[in-house]
Structure formats: C-alpha cells, structure tokens
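# quick one, what's the 3D model for this:
(one chain, ligands or ions: 1)
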Amino acid sequence: MSEAVIEVRDLKAQFGSHVVYENLNLDVYRGEILGVVGGSGTGKSVLLRSIAGLLTPAAGSVRMLGLDMQSASEAERQALSDRVGVMFQDGALFSSLTVVENVEVPLHAIEGLTAETKEALARLKVSLSGLPWNAGDKYPSSLSGGMRKRAGLARALARDPEIVFLDEPTAGLDPIGAAAFDDLIFDLSRSLGLTTFLVTHDLDTLYSVCDRVAVLAERHVYATGTLEDMREIGHPWIQEYFNGPRARAVSTKPAPDQSAEDS
Ligand SMILES: Nc1ncnc2c1ncn2[C@@H]1O[C@H](COP(=O)(O)OP(=O)(O)OP(=O)(O)O)[C@@H](O)[C@H]1O
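Residues are numbered from 1 along each chain as shown. Sure, this is the predicted structure:
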C-alpha cells in the first residue's frame with residue numbers, strides 16, 4: 001500500500017445542533033481514485049470541503065501531504081493549497097470571465113509569472129480537459145453543462161496539483177457526457193499521477209473510475225474497500241446501493257475495451 005497523503009482522524013462537522021458526522025476516520029493513498037458515497041445529506045460535500053480546507057471542522061484533525069491543517073500557519077496552508085485542486089459541482093466559474101481567464105485565476109497567486117505564461121498555462125489545461133480549441137475564449141454562459149465541468153476541471157488542474165477533489169463530477173450530465181467525463185477523470189488521474197477524491201452518486205463512475213470506495217453512513221465512514229468488498233457488508237443502505245438492481249446492471253456491463261473488441 002502506498003503512503004497516505006490524506007489522514008483524517010476523529011473528524012466532526014456540526015451546524016448548530018445538527019451533527020453531520022463525528023469520529024470520522026479516513027486515509028487516502030497516493031495515486032488512488034477514491035469514490036465517496038452515501039445517502040443524501042450524509043455529509044459527503046461537507047467532508048470534501050473540510051478536508052480541502054474550505055470548512056473548519058468542529059473537532060478532529062486532517063493531515064494532508066504531511067501537514068497538519070489545524071495547526072498549520074497561514075503561509076503553510078497557502079503553500080499546501082498550491083498542491084491541491086478542487087472542482088465544485090456546478091463548476092463555480094466566474095460568469096464575467098472567459099474560460100481561459102477563469103483557469104488563470106489560481107495562477108495569479110504565483111509570483112513572477114508573466115501574463116503570457118499564465119495564458120499559455122491556462123490554454124494548456126483547457127486543452128488537457130478536452131475542450132475544443134475555441135472554448136477558451138468563451139464565457140461560461142455559452143457553454144454546455146459538460147463543457148462547464150471540463151472548464152472547472154481545467155481550473156482545478158491549473159497549478160499542477162498532486163491531489164484533486166471533485167464534487168459530483170458527472171451530476172447533471174447525460175449518460176454519454178457522463179461516460180466521457182469519467183474517462184477524462186480516469187485518464188488524467190493516471191497520466192498526471194493524481195490522488196483523486198471524488199464525491200459521487202453515480203454508480204457508473206464508481207465502477208469505471210474508482211480504485212476504492214468510502215461509504216458515509218451512521219454519521220461516519222462506515223466502510224472502505226473495493227466494490228467487491230462493499231457487496232459483502234451487511235448494512236442496509238450499502239446492500240441496497242451495491243447489490244441493488246442498478247448496481248448489478250452496471251457491474252455486469254462488459255468493460256469498454258472488451259465491448260470494443262467484440263463489436
Ligand atoms: N453551510 C451549512 N450550514 C448549515 N448546514 C449545512 C451547511 N452545509 C451543509 N449543511 C448540512 O449538512 C448536511 C450534509 O450536507 P452535504 O451537502 O455534505 O450532504 P451530501 O451528503 O453531500 O448530500 P447530497 O448527496 O444530497 O449532495 C446537510 O444536512 C446539510 O443541510
């Protein structure tokens with residue numbers, strides 16, 4: 001097993017009197033693609049935001065790339081943020097900026113980069129994310145949902161992160177667009193050596209992209225393991241999710257390579 005680049009210990013999230021989760025423990029290993037699943041409202045997005053440093057936990061600790069986030073100085077947190085990219089569910093693009101300008105935003109924090117270098121780097125990430133050559137000069141409002149997601153991914157990759165957080169990457173996409181986005185996530189994660197933490201409801205994404213799964217239930221990470229491991233766990237939600245008819249349909253689909261050879 002490779003080293004843990006994210007170590008979450010006894011984490012708690014609470015809003016008012018509502019405890020979303022507590023005593024939550026999770027390790028994420030270098031180079032893996034981890035899918036985080038759970039029923040609606042179990043705290044998947046809150047967990048992503050807490051680990052990514054966008055939300056302060058009510059208790060517990062997050063250690064990322066060797067840095068304890070709670071005791072780190074502002075300068076250390078800033079340096080860490082250079083090594084981490086986040087893609088939000090709706091892309092979270094600035095509507096008044098073009099795609100390239102959006103992707104340039106995280107680059108403004110890097111001292112010494114000329115405007116030309118920033119633009120060249122942004123255009124590289126736009127093309128890596130599979131957007132057409134002319135999409136970079138468009139505004140988010142003129143892009144399809146799938147293209148906005150790709151633009152959000154390009155921005156998450158702007159500073160060559162080691163870890164990327166993806167919140168519901170395929171939500172709102174049609175099945176063909178979702179499958180294409182799954183392929184993109186997988187190819188980029190592997191070719192760039194990323195550690196990928198993704199929150200999803202999409203069984204296709206889990207089966208086609210993820211190395212390992214973490215399930216949020218009963219206010220903590222109830223189980224982690226492979227998809228095969230999940231089928232053996234007796235919890236009702238996990239059984240329903242991983243052994244239900246939709247999961248069986250997805251898990252028995254032929255692998256893409258095999259179906260291509262067969263056809
Ligand atoms: N800023 C906030 N203030 C108050 N409550 C919040 C806040 N953010 C999240 N919550 C609550 O925390 C709980 C978990 O929210 P979260 O969005 O993480 O769930 P989720 O598992 O991602 O759900 P879904 O699958 O429906 O997207 C919900 O009850 C939500 O209402």
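
# how about the strands in the stretch 101-250 of the chain?
163-167, 195-199, 212-217, 220-225 (DSSP state E, counting those that start in this stretch).

# tell me the angle the first one makes with strand 195-199.
The reference is to strand 163-167. 10 degrees (axes from the mean of the first three to the mean of the last three C-alpha atoms, to 10 degrees).

# now do strand 163-167: which elements does it pack against?
Secondary-structure packing of strand 163-167 (3 or more C-beta pairs under 8 Å, 6 or more residues apart in numbering; DSSP states H and E): helix 44-51, strand 84-87, helix 145-156, strand 195-199. All C-beta atoms are positioned from the backbone trio N, CA, C, and that covers glycine.

# thought residue 62 was touching residue 51, still the case?
Yes - Residue 51 is within contact range of residue 62, at 5.3 Å (criterion: C-beta atoms under 8 Å).

# part of a helix, is residue 77?
Yes - according to DSSP: H, G, I helix; E, B strand; the rest coil, residue 77 belongs to a helix.

# just tell me which of the helices and strands packed on strand 163-167 ends up closest to the ligand.
The ligand lies closest, by C-beta to the nearest ligand atom, to one member of the helices and strands packed on strand 163-167: helix 44-51, at 3.5 Å.

# which residues are contacting that closest one?
6, 8, 11, 13, 20-21, 24, 36-38, 55-57, 62, 64, 86, 89, 165, 167-168, 197, 199, 216 (C-beta atoms under 8 Å, 6 or more residues apart in numbering).

# so where's the stretch 51-200 of the chain shaky on pLDDT?
The model of the stretch 51-200 of the chain has pLDDT under 70 over residues 91.
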